[in-house]
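# I'll drop the sequence and a predicted model, then ask my questions.
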Protein chains: 2
Amino acid sequence: MYIGIDLGGTNIAVGLVNEEGKILAQDSTPTLNQRPYTEIVADMARLAKKVTEEAGYTTDDIRAIGIGSPGTVDNDNGVVVYANNIALDHARVAEEFRKYIDKPVNLENDANAAAYGEYIATGNGAKSFVFITLGTGVGGGVVLDGKIYRGFNSAGGELGHITLVHDGEPCTCGRKGCWESYASVTALIRQTKKAMEEHPESLMHKIAEENQKINGRTAFEAAKQGDPAGEAVVKQYIRYVADGISGIVNIFQPEKLVIGGGISKEGDYLLKPLEEFVKENDYNKHMPRTKIEIATLYNDAGIVGAAMAAAGNLSV
Amino acid sequence: MYIGIDLGGTNIAVGLVNEEGKILAQDSTPTLNQRPYTEIVADMARLAKKVTEEAGYTTDDIRAIGIGSPGTVDNDNGVVVYANNIALDHARVAEEFRKYIDKPVNLENDANAAAYGEYIATGNGAKSFVFITLGTGVGGGVVLDGKIYRGFNSAGGELGHITLVHDGEPCTCGRKGCWESYASVTALIRQTKKAMEEHPESLMHKIAEENQKINGRTAFEAAKQGDPAGEAVVKQYIRYVADGISGIVNIFQPEKLVIGGGISKEGDYLLKPLEEFVKENDYNKHMPRTKIEIATLYNDAGIVGAAMAAAGNLSV
């Protein structure tokens, strides 16, 4: 039995996870991201005990705890080195957590944890596996031979921060033209707004009014109803997504590549044109091809991945 | 003792390599790339025996043979599946070679072999290592935990075929805007010619005339002599190179990244501005950084890497 903790800017989600990666019980509490990290860790431990007991177990049944945290994580030492929107700089999270439950703690970057969760859920033991999230940003992770790839400094796997347009749109990371600044939901909203300005006749205006906001679904909804401006936005957006994925396929030729995040809920409407683009742009024309799928765990990926990564780190 | 063979479109280069990755003897012969592959393999074996005997050994002293071949290589079966400019499609190279010298044969893609050679020479056991060649194309390879990363279909590691400019210059691979189509020598020559057309006053004209050709050094030579148009070409070219490398660093955060190929002979003139760009554009601001260096083996990387990869495949 393992505890998986997904620490987000808004909520702390905690789950009790069995050896097969199934969540037996889960709960969450607001992060209140500006308070001292020791309080955040105390809440993590409190919830970990709560879900364990609710499922009829005690902390003696826990073999290890996995925590996925935003920011730069020093996996070897269980320290969050830097995080953007939580007061976690140089936070000795693993050590602090063990004051409450004295079991092995494995700390991962949250995107790497989510990638590992999807690997457990949909990877089928693929020797090489890439997970990509299309959310507020573009993130992801790489699992090779069943292990999270972290780079030598545990800062690797920032798949959204490769160039898609040299000297293009400014990215939140400080670079220009990152894939993230074309393929994130944030970028899609920007693209949608621009098309709406250019097309006052577009159905997107009516859809945005009904929903009282412009979001990542506005253009997709319009496109599905045959709106030409909406279709153009979606078509170009999918090309941005696919062009980045195509490069990642050329680098890794992973056995499987899984797409998660809010946009992935568009399912085949996203996947089919994307697969076609990637197939046409695959450098590999003569060997078996990467399977591309939609993620299955969604919000649970972080909990499952954190727990299972802790399990994996025990066995080595 | 190992044999390393670097099969190129023009020459077959064969070396006798010791356990430490040093070449003890080497020789080469023209590939004559349109003849049947069985004849090419016969020449490989003939040269392998020749260099072995010249160094005072016999084929009994050979533990394994490594061959680096262009194209798509099925490493598991020792078969070249497809090659662009040598008649090697579905060539059972490993099996054919063993008719002459019956020792274990390991077949690699040539860029992967070269990457492994540089890893042996300059990697110092780096846990993660990336090699990039700036030549006619942009190629490279990735070595993780001392093993060549090949992807599930042994077609991985095509580092030059990630996008640098969405919908940009057509690439020889069929994609648009590949990093290769901005950062290869071929691309640099295109960029140089364009600048020469725009700047009839540029020193590049005189340099090209003296050398009787425009090549990858024309703009660099002009820039070093203070020619503004030459400086502009070199500055932009290095930005193209660095932007791609920056993305690769964000993905892999490799302990070391080594740059080879013709352009790498520019040394610090290339490396210093490149390092500065990569540092500024590194997503990782808080952990140790990737070391970037110039390759040391140049043309010998293929022989050494093929031989040492064969040695590595024996030990597992």
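Everything's here; your move. Residues are numbered from 1 along each chain as shown, chains lettered A, B, ... in the order given.
# which SS state does the residue of the stretch 101-250 of chain A found nearest chain B fall under?
In the stretch 101-250 of chain A, no residue comes nearer to chain B than A:G151, which is 2.7 Å away by CB to the nearest CB. Heads up, the C-betas are built off the backbone N, CA and C, glycines and all. Using DSSP: H, G, I helix; E, B strand; the rest coil, the secondary structure recorded for A:G151 is coil.
# my guess is it contacts B:S128. True?
Yes: in this structure, A:G151 is within contact of B:S128 by CB atoms under 8 Å, at 5.9 Å.
# now for these two: what residues contact both?
Both A:G151 and B:S128 are in contact with B:252-255, where contact means CB atoms under 8 Å, 6 or more residues apart in numbering or on different chains.
# among those, which are in helices?
Judged by DSSP state H, these include B:F252 as members of helices.
# name the nearest of the shared contacts of A:G151 and B:S128 relative to B:A187.
B:F252 (23.0 Å; CB to CB).
# and the gap between that closest one and chain A?
6 Å (CB to the nearest CB, to the nearest Å).
# next, the buried residues of the one helix or strand A:V81 maps to.
Element membership of A:V81, judged by DSSP states H and E, is strand A:79-82. Neighbour counts over strand A:79-82 (16 or more other CB atoms under 10 Å in any protein chain shown) mark A:79-82 as buried.
# with only the CA atoms kept, save stretch A:130-146 in CSV.
Taking Å, rounded to 0.1, in the frame of the first residue of the first chain, the C-alpha atoms of stretch A:130-146 are listed here in CSV:
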residue,chain,number,x,y,z
VAL,A,130,6.1,9.8,-23.4
PHE,A,131,3.3,11.7,-21.8
ILE,A,132,2.2,15.2,-22.9
THR,A,133,-0.3,17.4,-21.1
LEU,A,134,-2.0,20.2,-23.0
GLY,A,135,-3.2,22.4,-20.2
THR,A,136,-2.5,25.9,-18.9
GLY,A,137,1.0,25.0,-20.1
VAL,A,138,2.4,22.2,-22.1
GLY,A,139,4.2,19.7,-19.9
GLY,A,140,4.9,16.0,-19.8
GLY,A,141,7.4,13.4,-18.9
VAL,A,142,9.3,10.5,-20.3
VAL,A,143,9.4,6.9,-18.9
LEU,A,144,12.2,4.7,-20.2
ASP,A,145,12.6,1.1,-19.2
GLY,A,146,9.9,1.7,-16.5
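# just give me how far it sits from the chain centre.
6 Å (CA atoms, centre = their mean, to the nearest Å).
# so the residue lying farthest from the centre of chain A, which of the three states?
Residue farthest from the centre of chain A, counting by CA atoms, centre = their mean, is A:E201 at 35.6 Å. Taking three-state DSSP as the rule, one finds A:E201 in the coil state.
# got the phi and psi for it?
phi -80, psi -10 (degrees, to the nearest 10).
# need the pLDDT of it.
Predicted confidence (pLDDT) at A:E201: the value is 98.
# then A:K147?
Looking at A:K147, the pLDDT reads 94.
# what does the stretch 51-200 of chain A put close to chain B?
Residues of the stretch 51-200 of chain A lying close to chain B by CB under 8 Å from any CB of the partner chain are A:72, A:74, A:81-82, A:126-128, A:142, A:144, A:149-159, A:161-166, A:168, A:173-175, A:177, A:182.
# okay, and which of these map to helices?
A:Y182.
# select only the buried ones of the residues of the stretch 51-200 of chain A next to chain B in ChimeraX?
Of these, the buried ones can be selected in ChimeraX as follows, counting by 16+ other CB under 10 Å:
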select /A:72,74,81,82,126,128,142,144,149,150,151,152,153,154,155,156,157,158,159,161,162,163,164,165,166,168,173,175,177,182
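# in strands only, show me the residues of the stretch 51-200 of chain A next to chain B.
Secondary structure defined by DSSP state E assigns A:72, A:74, A:81-82, A:128, A:142, A:144 of those to strands.
# just give me the closest of those to B:I5.
Nearest member of those to B:I5, counting by CB to CB, is A:S128, at 27.5 Å.
# and that closest one, what does it touch?
Contacts of A:S128 by CB under 8 Å, 6+ apart are A:142-145, A:252-256, B:151-152, B:156.
# can you check A:D43 too?
By CB under 8 Å, 6+ apart, the contact list for A:D43 reads A:12, A:29.
# does it lie in a helix or a strand, and which?
Going by DSSP H and E, A:D43 is part of helix A:37-54.
# what comes up buried for that helix?
Buried-residue list, helix A:37-54, by 16+ other CB under 10 Å: A:37, A:40-41, A:43-45, A:47-49, A:51-52.
# now it: how far from the chain's centre is it?
Chain-centre distance of helix A:37-54: 23 Å, with CA atoms, centre = their mean.
# tell me the pLDDT of the nearest residue to A:A187 once chain neighbours are set aside.
Of all residues beyond its chain neighbours, the one nearest A:A187 is A:S181 (5.6 Å), with distances taken as CB to CB, 6 or more residues apart in numbering or on different chains. For A:S181, the pLDDT comes out at 97.
# contacting residues around A:S181?
Contacts of A:S181 (CB under 8 Å, 6+ apart): A:164, A:168-172, A:187.
# A:E231 now?
A:E231 sits next to A:222-223 when contact means CB under 8 Å, 6+ apart.
# for A:P273, see how far away it is.
Using CB to CB, to the nearest Å, A:E231 is found at 11 Å from A:P273.
# show me where chain A has strands.
Under DSSP E, chain A gives strands at A:2-7, A:11-17, A:23-30, A:64-69, A:72-74, A:79-82, A:105-109, A:128-134, A:138-144, A:147-148, A:256-260, A:291-294.
# what strands line up against the second one, and which way round?
Read it as strand A:11-17. strand A:2-7 (antiparallel), strand A:23-30 (antiparallel) (DSSP bridges).
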